[in-house]
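Chemist: let's see this in three dimensions:
(2 chains)
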Amino acid sequence: MTRLDVRKTYKLYIGGAFPRSESGRTYEVVSAKGEFLANAAMGSRKDVRDAVVAARGALAKWSGATAYNRGQVLYRVAEVLEGRRAQFIEEVAASEGLTPRAAGASVDAAIDRVVWYAGWTDKIAQVLGNLNPVAGPFFNVSAPEPTGVVGVLAPQTSSLLGLVSVVAPVIAAGNTAVVVTSASRPLPAVTFSEVLATSDVPGGVVNIVTAQTAEVATWLAAHRDVNAVDLTGVAGADGVDWAALEREAAGNLKRVLRPVLSDGVPVEPDWTADPGLTRIRAFVETKTVWHPKGL
Amino acid sequence: MVTVSTTTRTAQDLTAQARDVLGVSRLTNHALTSWLHGLPGVDQVGCEARAAALGTRSVKTTSKAWAIDTAIGMIDLTTLEGSDTVGKVRSLCAKALVPDALDPRTPRPAAICVYGDMVATAKAALGDSGIHVAAVATAFPSGRASMAVKLADTRDAVEAGADEIDMVIDRGAFLSGDYLTVFNQIAEVKQACGAAHLKVIMETGELVTYDNVRRASYLSMLAGGDFIKTSTGKVQPAATLPVTLIMLEAVRDWRELTGVQVGVKPAGGIKTTKDAIKYLVMVSEVAGDDWLSPEWFRFGASSLLNDLILQRQKLTTGAYSGADYVTID
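Modeler: Numbering: from 1, shown residues only, chains lettered A, B, ... in the order given. Predicted coordinates:
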């Protein structure tokens, strides 16, 4: 007697739970070679709305956690990722059409990227903050604070390394995130949400919606309760006008991280390069306080 | 502006009318018990299923816009905390006058609901805007005080200018079967209200059974209540759809029986636009469209207004709104 496979249902990750799309829709995900891989939930604008509510609810606790604690939690994410290495290699290889060896290198880089940002959490203030010299008997201190709820359009091509590279800096700085995954390669992101759910990241800090980017991006960019958007995922996305998204984002003066441009066309960055602090700096606000120097 | 027909009724008038309705020559506890216990029992499973079924309607676009504006106009914007200050009541009144500064077309709520000592403050802040001031009285929320205190509490609020009085019934007396005491208390408070409108809070969360909710509804209407209200908001569960369904059936049947229309006010725990729309659907389906106005249906709520405004902004601007665009209450 042959055993029947127990197939995984690929669902969304909102507020620490794994709901199906409220729309009830799914879509077929195929491998780089065109073979059927799975049916993923096709998130709608209402799923994005629910995700923003969850992210807003989680913000106070996560942004109020100590930087040290956030670092510990991120390091834990890396530990659990490492434990699921084989699964991710398989999924990344299928999604991106890589050899097992190349997929392994990509997964390893993703794990290392999480560790790298985990180390940054309690160093952001030292590097981006300052004790400003002022002409008076005052301490003048500038310190970075999280921007708030960040909408992230995850890269279309790099399904795990790219995803981790855009999500980790957002949460390392103390923001909460609503992530719209790669439309055609969403499966590693769904498995990554299982990693987040089992590594002490509080529910709602990262919310992952698998969706058609063009359908939901406008709603996320226009949402008045979102404080910043990362437009990285417009590169290679069908039917997405990133300038229109930036105009929508201006409705409530969101921070916008623009996509990397090559000859005016958005392209996906080289994820293996040193990430630098660009992505952390994009999602912090500088607060400056004056304090009298006393005895 | 909400117009409310008011009639000054004495306790004697109300007792006489009750005798007529019951068909007895003397209003005794025995007569009331026979009448109230002769009401048909509530089918609990059927009632909950009907309430749940009415909650599944999908209300969209222009219907939703209408429902949101109607619901805003039905709100008794409430603050009933021990920590209430004059400043907090004034800011609540300011919110009632301008619910959404981004859109002056936003309708105003029907009334402000406060404790009796804040009535004068609210009255002064609202001026001649037409927004009513409702005061909770009769030793709200427990109702555990002597009748003299309850009447003094009521008169005090009325003299301070309250347009509406929200009284609580004596649940202890009701549950121990002393219906005549409950009747007399409501009738006397109604007399003390004078021209002010009386809402009778039954505190359904303490009445244990749906049958009791039906009996308390009839008893409150018999004793002269202009509105029947579910809860104080201080007891869980507060307003629920099945309880409101029973009350809506009661006011519908009461009008058949006596020709008098009585209003309904669910209060407590109604926080979202979705909830409010479920109630509106139920009002229309159970009691009828005659009740779909602030004269006959109210929401006792505080945070509901913000959610309605957020949904309204979503409909008018096309973008999801957020907490930065409404007041912090």
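Chemist: point out where chain A drops to low pLDDT.
Modeler: A:295 (pLDDT under 70).
Chemist: give me the residue from the stretch 51-200 of chain B nearest chain A.
Modeler: Nearest residue of the stretch 51-200 of chain B to chain A (C-beta to the nearest C-beta) works out as residue B:102 at 10.7 Å. For every residue, glycine as well, the C-beta is placed using N, CA and C.
Chemist: which residues touch that residue?
Modeler: B:313, B:325 (C-beta atoms under 8 Å, 6 or more residues apart in numbering or on different chains).
Chemist: what's the answer for residue A:50, then?
Modeler: Residue A:50 touches A:14-15, A:19, A:22, counting by C-beta under 8 Å, 6+ apart.
Chemist: which stretch of helix or strand covers residue B:307?
Modeler: helix B:303-317 (DSSP states H and E).
Chemist: which residues touch that helix?
Modeler: Contacts for helix B:303-317 (C-beta under 8 Å, 6+ apart): A:224, B:64-65, B:68-69, B:71-72, B:75, B:77, B:95, B:99-100, B:102-103, B:106, B:109, B:270-273, B:275-276, B:320-323, B:325-327, B:329.
Chemist: are any of those buried, and which?
Modeler: The neighbour-count test (16 or more other C-beta atoms under 10 Å in any protein chain shown) marks A:224, B:64, B:68-69, B:71-72, B:75, B:77, B:95, B:99-100, B:106, B:109, B:270, B:273, B:275-276, B:320-322, B:325-327 as buried among the contacts of helix B:303-317.
Chemist: of the residues you listed, which belong to strands?
Modeler: Here DSSP state E is the test, and the buried ones among the contacts of helix B:303-317 give B:75, B:77 as lying in strands.
Chemist: the nearest residue to residue A:283 once chain neighbours are set aside - how many residues pack around it?
Modeler: In space, and not counting its chain neighbours, residue A:283 is closest to residue A:147: 4.7 Å by C-beta to C-beta, 6 or more residues apart in numbering or on different chains. For residue A:147, the count of nearby residues is 20 (other C-beta atoms under 10 Å in any protein chain shown).
Chemist: residue A:46 now?
Modeler: Residue A:46: 14 neighbours (other C-beta under 10 Å).
Chemist: which residues touch the residue of chain A found nearest chain B?
Modeler: Chain B sits closest to residue A:225 of chain A, with a gap of 2.5 Å, by C-beta to the nearest C-beta. Residue A:225 is in contact with A:52-53, A:56, A:149, B:320-324, counting by C-beta under 8 Å, 6+ apart.
Chemist: what comes into contact with the strand or helix carrying residue A:141?
Modeler: Per DSSP H and E: residue A:141 is located in strand A:138-146. Residues from elsewhere that reach strand A:138-146, judged by C-beta under 8 Å, 6+ apart: A:59, A:63, A:124-125, A:128-134, A:173-175, A:283-293.
Chemist: off-centre distance for it?
Modeler: Going by C-alpha atoms, centre = their mean, to the nearest Å, the spacing between the C-alpha centre of strand A:138-146 and its chain's C-alpha centre is 26 Å.
Chemist: the helix or strand following that strand pairs with which strands?
Modeler: Past strand A:138-146, further along toward the C-terminus, the next helix or strand under DSSP H and E is strand A:149-153. Partners of strand A:149-153 in the sheet, by DSSP bridges, are strand A:176-180 (parallel), strand A:228-230 (parallel).
Chemist: where exactly do the strands run in chain A?
Modeler: Counting by DSSP E, the strands of chain A are A:26-30, A:36-41, A:130-132, A:138-146, A:149-153, A:176-180, A:206-209, A:228-230, A:255-257, A:260-262, A:265-267, A:284-292.
Chemist: separation between the closest residue to chain A within chain B and residue A:211?
Modeler: Chain A sits closest to residue B:322 of chain B, with a gap of 2.5 Å, by C-beta to the nearest C-beta. As judged by C-beta to C-beta, to the nearest Å, residue B:322 and residue A:211 stand 21 Å apart.
Chemist: just residue B:106 next, same as before
Modeler: 32 Å.
Chemist: for residue A:4, same thing?
Modeler: On the measure of C-beta to C-beta, residue A:4 and residue A:211 end up 30 Å apart.
Chemist: ok, now residue B:142?
Modeler: 51 Å.
Chemist: same drill for these two, tell me which one is more crowded.
Modeler: residue A:211 (28 against 15).
Chemist: list the contacts for that one?
Modeler: Contacts of residue A:211 (C-beta under 8 Å, 6+ apart): A:42-44, A:47-48, A:180-181, A:183.
Chemist: repeat the analysis, applying 6 Å as the threshold.
Modeler: A:43, A:180 (C-beta atoms under 6 Å, 6 or more residues apart in numbering or on different chains).
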